[in-house]
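Student: Provide a 3D model corresponding to the input given below.
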Amino acid sequence: MGASASKIKFRESLQSLTTRDVSPDDAAFWDELWKIPSSAEEVFELLTPPAARRLRDERFENLATLFTQATAQLCQIVETPYTIYFDQALNCVRVLTRVLPFLLEKGDLGDSDSGVELLCWGDAAAEERRKRKEGKKKKGKGDRKQSSKSEKEEEEEEEEFDDEEDDQEPLALLVVHAAMHMLFLPQFTCDFYEDESSPSDLDPYSSSSESESDSEEEDDDESQSQDRRSDSDLDQPEMKRRVAKAERETQLEAGLGKVMRIRKGIRIYPSPAAVVWAPGVGFTQDGKCLIRKRDVNEQVLNPELAYTRKYDKNRIEVLRLLLAACSDPLFSPADEYNPLASRWMSIAVAADSPNASCLFYSLLNTVVSYDPSNSSFGGVPGKFASDTHVKLVELSAQVLCVLLDCGLSGDPLQFENKHGEPVVPVSEAFKGGFNIFRILLARINQGRDLTIMYRGFVRLLRNSFEAKTGLLINSQLRLECYQELLVLLWKTLEENPLFLDFTLTRCDICELVVPLCYLMHVSRKESAQVGLVHICTFILLKLSGERSFGVSLNRPFRTKLPCDLPLFTGSHADLVCITLHKIVVSGSYRLVPLYSCFLTVICNYSPYWRSMSLVSSVKLVNLFELFSSPKFLYSGEKAYRHVALLLEIFNNVIQYQYNGNQHLVYAIVRRKDTFGRLASLTLPKAIHQCDKAFPASEHPEYDADAAEQVAALSIQDVDEKGNPISEEDDATMTTNGDSTLTGIRERFVPTEAWITELRSSLPMETVNRLLQHLVPVVDEMCERKNGVVDEIEILEVFKEITMVGLLPVPHAIVIRKYQPNQYTSIWFTAFMWGVIFLRSQKPPIFDGKCIELFQVSNEDTDP
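Tutor: Numbers count the residues shown, from 1 in each chain. Model (predicted):
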């Protein structure tokens, strides 16, 4: 059958399903449907969204048969993976990928439908049994008077039927499990492999844990074995010992240094390890697995064939099916979304989900091992990237983000069984909200693995500008999945307690800051990229809450970026400041709610900013002038918070880094009138300025602190050691990646109470003292030289002047740390699914008509 003929036949079969009832017993029709050669594009083109919804709403029995038979065939191919049936299995995968989102529109988080519920989760046998019981009740007593033998046979028959009912699993579970099996099916998505045997494989789900005394004994044994190992380590190179010691210290500081031993538990060791798709975290490039704690003599027969790309197309097809099966959140309104409500996703992340550990390491390593600069496969020679593999990298990032987004946070505490294999206590594994993928991510604690992850994120994000600056055209492939990478980076920072500290203390965090600033700068004017700027801001805010981040930003910045950032000579702290200033003055209006976050980031690292460049100094003072102008200051009752944050930045630099920051001091002196007007502000002046800025007929364009514009981003004030300062000082800022004005508000009018609150909130004493001392010095110089004074001379004078004893007593350093909450969690879910929706249009896995999580607007294009 030719391609055109098969396409026509497939179209006719689909039309039959939507126009007439097809019996489940019509074997000729169904067998022919599954055997017709078809591509994913053809399935999505011929089964249009209106046709899929018509099939669901008008011919539900046909859809039920289609869904049931496709699932049954996938289960069969998992049991008997013969290559002659692989094409038929792909047809089933494509059809299920197409119809599942339309079933989920009526699923757990969408508009509930009893038919869909019965099909996906109900038990057909239970329904049949209920009908049989009802039929028996209708029979007369005379009909029921039969021999005792027939009654006994009937009871036995009912018991057998009950047993069959108990054994039958819901179709939803079968679909998800079949997809996860097929991602590691020999000759379909991986090579043949030998089953790895270990003493614990015979009892992977045992639940008894050892007693407290046994645990203490094993702890003693472990400490003795550690002593023996430490004696043998004396023969190893000094560098290895130092690295191991540093890793143990890092783990102990985070409270994760001790490994908990339990006799038995649910294994989360990737088995068989040979099926993992790529080297990286936990896996070497020759195919060895490093996750097992105890020494295992694991021999790889063909190291050069450890990882292959020949199955990438099939992996993409099955990953699309898994993504479609986990798309429940799309059909829930954002304000009603519950990350624990989707049963589909709960199956995928459950402790007993098949191949979950292998899938986690496959997805993660496929992403972090990819190198677009030389199109190599994690450095494996001779394996070059293709468009198909790039698509697999992008889809792997999407699926991993989705699987990490449901359930509860993972426990980073390490548990092992007596064989040294990572396990999860059974009592923990079967609690509500358990997510094995979040557990696996939280437990990554080896320096080698953390380094691989960090280097992977840096390499892929730097591709955003390195792809444009190469000496040769197309010298490296350009990725488009930066938003997915940023979500995955955020998930890692949130889930893994060691990753944040490791990147700040053992890595060059500036390598990550540069692509973040670049992406924010180039996306600042595009409405479609507002979410990208938001997530970059959240990452910077998360990092800025650590002292080591501010210290690291003092490293010189020498990278040439392909954008119109002002030229400057300075550090990475200057880069962050100049980038954020550029977004404020020439960014999208929809980024206004982020202004407080921008200033908070700068404020957090300002006490450690050793030498501010001339450009940064001028930009910061310009921002102060902008935010203290009537247009901003009187736009809302709390709009002065921007000014307060800028004053705190100035105070931090003046009090803690005066030497080396003469450029900022001089910029403040030059704008002394701006600070003077704010210090001398009275109620009559405020009312006059407000009326002049906003006449009676004109309303403020925005209120930076309006609750309608944001969904809360909590920030807690802490000192340098991370101790909370006071609950009264905790600030709550709000952001929304898709915020719009909800209506016209009443114009703000200053009051005496507002003036009092303003004065108490603006820390101007340090700047005022500075101006009182330095302004006369500058005036004297100008008078002595008849007004002709070189700026360099003034800067030299400022270097020689000491402010000791002239400034107030240095204030305590306040760092504002990001605090996770349900609103930002929902924002990340909506942002992530919005990105996946837009990037899943070839083929179009999801239709925007019934999506509730975010608003989908179709732009009509003129012919």
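Student: for the protein, which spans come out with low pLDDT?
Tutor: Applying pLDDT under 70 to the chain flags the ranges 1-3, 123-167, 194-257, 292-306, 374-385, 470-476, 696-714, 719-723, 725-745, 859-863.
Student: Tell me the helix or strand right after the longest helix seen in it.
Tutor: Across the chain, the longest stretch assigned as helix under DSSP state H is helix 447-469. Downstream of helix 447-469, the first helix or strand assigned by DSSP states H and E is helix 482-495.
Student: Mind listing residues that contact that following helix?
Tutor: The contact list for helix 482-495, computed with CB atoms under 8 Å, 6 or more residues apart in numbering, reads 367, 394, 397-398, 400-401, 404-405, 409-410, 438, 441-442, 453, 457, 460-461, 464, 479, 499-500, 519, 531-532, 535-536, 538-539, 542-543, 820, 828, 831-832, 835-836, 839. The C-beta positions use only the backbone N, C-alpha and C, and glycine is treated the same way.
Student: Narrow these to those that are buried.
Tutor: 367, 394, 397-398, 400-401, 404-405, 410, 438, 441-442, 453, 457, 460-461, 464, 479, 499-500, 519, 531-532, 535-536, 538-539, 542-543, 828, 831-832, 835-836, 839 (16 or more other CB atoms under 10 Å).
Student: hey, where'd the strands end up in this structure?
Tutor: Remark: strands assigned in the chain by DSSP state E are 260-261, 266-267, 370-371, 376-377, 380-384, 415-416, 423-424, 711-718, 731-735, 815-819.
Student: quick check: angle from the longest helix of the chain to helix 482-495?
Tutor: 160 degrees (axes from the mean of the first three to the mean of the last three CA atoms, to 10 degrees).
Student: what's helix 447-469 packed up against?
Tutor: helix 238-253, helix 356-368, strand 370-371, helix 482-495, helix 497-505, helix 510-523 (3 or more CB pairs under 8 Å, 6 or more residues apart in numbering; DSSP states H and E).
Student: Adding distance to residue 583, write these out as CSV.
Tutor: As requested, the helices and strands packed on helix 447-469 are exported to CSV (distance: least, CB to CB, whole Å):
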stretch, distance to residue 583
helix 238-253, 34
helix 356-368, 28
strand 370-371, 30
helix 482-495, 16
helix 497-505, 24
helix 510-523, 6
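Student: Point to the residue nearest the middle of the protein.
Tutor: residue 487 (2.8 Å; CA atoms, centre = their mean).
Student: separation between it and residue 409?
Tutor: 16 Å (CB to CB, to the nearest Å).
Student: Tell me which residues touch residue 651, please.
Tutor: Per CB under 8 Å, 6+ apart, neighbours of residue 651: 763, 766-767, 811.
Student: now with 6 Å?
Tutor: 763, 766 (CB atoms under 6 Å, 6 or more residues apart in numbering).
Student: same thing with residue 9?
Tutor: Residue 9 touches residue 36, counting by CB under 6 Å, 6+ apart.
Student: okay, now residue 682: neighbour count?
Tutor: Neighbour count for residue 682, taken as other CB atoms under 10 Å: 11.
Student: Excluding sequence neighbours, find me the nearest residue to it.
Tutor: residue 755 (7.1 Å; CB to CB, 6 or more residues apart in numbering).
Student: where's the residue nearest to residue 749 when sequence neighbours are not counted relative to residue 679, distance?
Tutor: Leaving aside its chain neighbours, residue 749 sits nearest to residue 690 (6.6 Å; criterion: CB to CB, 6+ apart). Distance from residue 690 to residue 679, counting by CB to CB: 18 Å.
Student: which of the two has more neighbours?
Tutor: Using other CB under 10 Å, the more surrounded residue of residue 690 and residue 679 is residue 690, with 19 against 14.
Student: quick one: that one from residue 678, how far?
Tutor: From residue 690 to residue 678 the distance is 14 Å (CB to CB).
Student: Check residue 804 too.
Tutor: 27 Å.
Student: what do you get for residue 787?
Tutor: Distance, residue 787 to residue 678, using CB to CB: 27 Å.
Student: Neighbour count for the two, which is higher?
Tutor: Taking other CB under 10 Å, residue 787 and residue 678 do not tie; residue 678 has more neighbours (20 against 8).
Student: which residues touch stretch 513-520?
Tutor: 461-462, 464-465, 533, 536, 559, 561, 572, 575, 579.
Student: related to what we said a few turns ago, between the helices and strands packed on helix 447-469, which one is nearest to residue 854?
Tutor: Closest to residue 854 of those, according to CB to CB: helix 482-495, at 13.9 Å.
Student: relative to helix 510-523, how tilted is the closest one?
Tutor: 140 degrees.
Student: quick one, what contacts the residue nearest to residue 442 when sequence neighbours are not counted?
Tutor: Setting aside the residues directly before and after it, residue 442 is nearest to residue 410 in space (CB to CB, 6+ apart), at 3.7 Å. Under the criterion of CB under 6 Å, 6+ apart, the contact list for residue 410 reads 438-439, 442.
Student: Can you list which of these are found in helices?
Tutor: Short answer: the contacts of residue 410 in helices (DSSP H) are 438-439, 442.
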